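K.L.:
Provided below are the primary sequence and the corresponding predicted coordinates.
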Amino acid sequence: MPSGLPVVLPPRLAADGAKGRLLEAAVELFAARGYHGVSVRDLTAHLGVQPSSLYAKYASKADLFSELVFLANEEIRDRMRAGLLEAGPDPASQLSALVHANVEFHTTYPLFATIAHNDFGMLTESALRHVAASRKEAIDLMRAVIDRGNDLSAFDCDDPWTAIAAIAGFGIRLAVWYRPPGHIDDSAAGFAAEVQTWMGRDRSIEDLKTTYATYALRLVGAVTPS
């Protein structure tokens, strides 16, 4: 990743032209200030256009925000599913793949990831249903792997839901503090810089993927072959 601000959107979601610029501006501002801290005028002023430019594409600020939250959660689910399909049959490898996908998304796109987990009360009714479905599908992937690991005696996890909550939290917190080496400070930089001092400023995404997968396997009581 080049130096500068973190990448805002995954390539498949980046759009050319005015809409692409609007989506990127919205991610940056909503991640920094939250839904209530951003007005339509803030968004359009950031782009140097009139508010009518936003309303030409979205009926309201809530519709724009709802689309971003939905897209972020859909991206997380899709990446986890793809990782699982490539992992093979071993439950430990499958759980590691799910963690790798989750960590990679939250560290590569921390601003987009921040939006994925906040201000759900501002979503439109339709978006809330779709976001809840995407999140449930991602959780179900992890639960199925843990249950299968238990059934095969590869894991010894008597409380899968607590393990899932902890593992999911890895990514959510990484989006708060992790920024790649050489990034330009953003709104989270004060806290991020402090945590990175504790964790090590030169931690790579690959290193974090490996580290958190190891933690996840410990949480589910992965059994080491004798």
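P.N.:
Yes, it's here.
K.L.:
which secondary element of this structure has the worst mean pLDDT?
P.N.:
When the helices and strands of the chain are scored by mean pLDDT, DSSP states H and E, helix 189-199 comes last with a mean of 54.
K.L.:
check which element follows that one along the chain.
P.N.:
helix 205-219 (DSSP states H and E).
K.L.:
packing partners of that next one?
P.N.:
helix 91-108, helix 160-177 (3 or more Cβ pairs under 8 Å, 6 or more residues apart in numbering; DSSP states H and E). Bear in mind the C-beta positions are built from the backbone N, C-alpha and C, glycine included.
K.L.:
in JSON lines, list the ones you listed along with mean neighbour count and mean pLDDT.
P.N.:
Formatted as JSON lines, those follow (neighbours: other Cβ atoms under 10 Å; pLDDT from 0 to 100):
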{"stretch": "helix 91-108", "mean neighbour count": "23", "mean pLDDT": "96"}
{"stretch": "helix 160-177", "mean neighbour count": "17", "mean pLDDT": "91"}
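K.L.:
low pLDDT regions in this protein?
P.N.:
Scanning the chain for pLDDT under 70 picks out 1-6, 15-16, 180-202, 225-226.
K.L.:
quick check: angle from the longest helix along it to helix 205-219?
P.N.:
The longest helix of the chain (DSSP state H) is helix 125-151. With axes from the mean of the first three to the mean of the last three Cα atoms, to 10 degrees defining the directions, helix 125-151 sits at 60 degrees from helix 205-219.
K.L.:
buried residues in helix 125-151?
P.N.:
127-128, 130-131, 134-135, 137-139, 141-142, 145-146, 149-150 (16 or more other Cβ atoms under 10 Å).
K.L.:
from those residues, pick the one nearest Asn73.
P.N.:
Of all the buried residues of helix 125-151, Ser134 has the smallest distance to Asn73: 4.2 Å, by Cβ to Cβ.
K.L.:
now that closest one: closest residue in space, sequence neighbours ignored.
P.N.:
The shortest distance from Ser134 to any non-neighbouring residue, by Cβ to Cβ, 6 or more residues apart in numbering, is to Asn73 (4.2 Å).
K.L.:
next up, the contacts around Asp119.
P.N.:
When contacts are counted by Cβ atoms under 8 Å, 6 or more residues apart in numbering, Asp119 touches 30, 34-36, 65, 69.
K.L.:
among those, which two are most distant?
P.N.:
Across those, the longest distance by Cβ to Cβ is 14.4 Å; it joins His36 and Val69.
K.L.:
who has more neighbours, the two?
P.N.:
Between His36 and Val69, counting by other Cβ atoms under 10 Å, Val69 is the more crowded of the two (27 against 9).
K.L.:
touching, that one and Ala127? I think so.
P.N.:
Yes: using Cβ atoms under 8 Å, Val69 makes contact with Ala127 at a distance of 6.5 Å.
K.L.:
kindly provide the distance from the nearest residue to Leu174 once chain neighbours are set aside to Ala113.
P.N.:
Spatial nearest neighbour of Leu174, excluding adjacent residues (Cβ to Cβ, 6+ apart): His106 at 4.6 Å. For His106, the distance to Ala113 equals 4 Å [Cβ to Cβ, to the nearest Å].
K.L.:
list the residues that contact both of those two?
P.N.:
What both His106 and Ala113 touch, as defined by Cβ under 8 Å, 6+ apart, is the set 171-172, 174-175.
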